[in-house]
Structure formats: structure tokens, C-alpha cells
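1. Kindly generate the corresponding structure for this input.
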Amino acid sequence: MVCNLKKVRVDLGLTQMELAIKSGISLPTIQNIESGKANPSLDILTRILHVLGLEIKVSAPDFQLEKAILLGVPLSSNQSNSVIKPSRDMLCLEARKWAHYFRENIFSERESLAMTSFLCAIKDYWPTIYIEIECPIFDRQIETSRNNGHLIKLRRMAIASLSTYL
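-> Below you'll find the predicted structure:
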């Protein structure tokens, strides 16, 4: 959830000056943050949020099966009906998100094998794109799965999908 700092401050009955004093942040900085003219550092934002009784919570984005299928991950025999055209940039962005799921072992066995075959295809046929993805966890996943017979078939399917837009 994104919150409006000014609204929270006002709801708590604090003036900008009171917030500045309690957080140890200058009044002009508080004013610039609230007006959208400043991009505060994490330290400054944390100090302000602490006074407001809020905290920063970082979470991984949800895995979007439909987007993975659109990009060519062999997870469904049906083609995606999305109007979004896959691109190299979208592929790199989504693959970086997938790294979290590999680290946390959130993928099912089927999803993991499909993702691994997809990434293996990229690594073998489009190595410059694989380098752009910059997620070493994929190297370990690919190497531990390379001898799986199912991976070979899924990798061929991934190559066919990827070659339509790369």
C-alpha cells in the first residue's frame, strides 16, 4: 500500500514543524517531500515513517503465470490471448522477478522445470540476454536440471516461442 505522508501527518495532528523536530529532518526537506519536489533517501524516509508510526515493507511481486506463458515459458499448451507483445526488456524484467521464486522454492515442480528449460534456452541461444538478466541463482538451477529428459523437450518449446520476438 502506498500512503500519502501529508495525510498521515495531518491525521495524527502533527504540523510540519513538529514532524521535522521529532524526526530530526529539516523543515524545508519535509515540505519538499510532501509537495513531491524531493526524493528522500531511505534513511530520511525511515526516520519520518518512524515518527508517523509507519514502516517500509518490501515484498516480491506476485508471479504472473499468464505473463510467463506470454513470454514463452512452456507452462501451457494453449497460446496466450494477451494483446501485450513480448519484448526483450519485458523478458529481462520478468526473469529478475522470477529469481525470488527460485530462491524461495515457491515454484511447483512443473513450474520450476518449465522456467529452468526456458532460462536454459536463453542461456544457450541468447547468451547476451541471459547476461542482462543477471541472476546467478539461475545458473545453479540450470546446471542441476540439465540432464532431465523433460527439460530437453520443454527447452525446444521455449526456443520456438522465444525466436518469435528475440
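2. To what extent is residue 102 buried, counted in neighbours?
-> Neighbours of residue 102 under the rule other C-beta atoms under 10 Å: 18. Where you see a C-beta, it was placed from the backbone N, CA and C, and this is true even at glycine.
3. Tell me if I'm right that it and residue 133 touch.
-> No - counting by C-beta atoms under 8 Å, residue 102 does not reach residue 133; the two are 11.8 Å apart.
4. CA atoms only for the helix or strand encompassing residue 139 - export them in CSV, please.
-> According to DSSP states H and E, residue 139 maps onto helix 137-145. The C-alpha coordinates for helix 137-145 follow below in CSV (Å, rounded to 0.1, in the frame of the first residue of the first chain):
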residue,chain,number,x,y,z
ILE,A,137,20.7,-18.4,-9.0
PHE,A,138,19.5,-19.5,-12.5
ASP,A,139,23.0,-20.9,-13.2
ARG,A,140,22.7,-23.3,-10.3
GLN,A,141,19.1,-24.2,-11.3
ILE,A,142,20.1,-24.9,-14.9
GLU,A,143,23.1,-27.0,-14.1
THR,A,144,21.3,-29.2,-11.6
SER,A,145,18.5,-29.8,-14.1
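5. In terms of secondary structure, what does it contact?
-> Contacts defined by 3 or more C-beta pairs under 8 Å, 6 or more residues apart in numbering; DSSP states H and E place helix 137-145 against helix 88-103, helix 109-125.
6. Between those helices, which one is closest to residue 44.
-> Nearest to residue 44 among these is helix 88-103 (26.9 Å), distances taken as C-beta to C-beta.
7. And that closest one, what does it pack against?
-> helix 65-71, helix 109-125, helix 127-133, helix 137-145.
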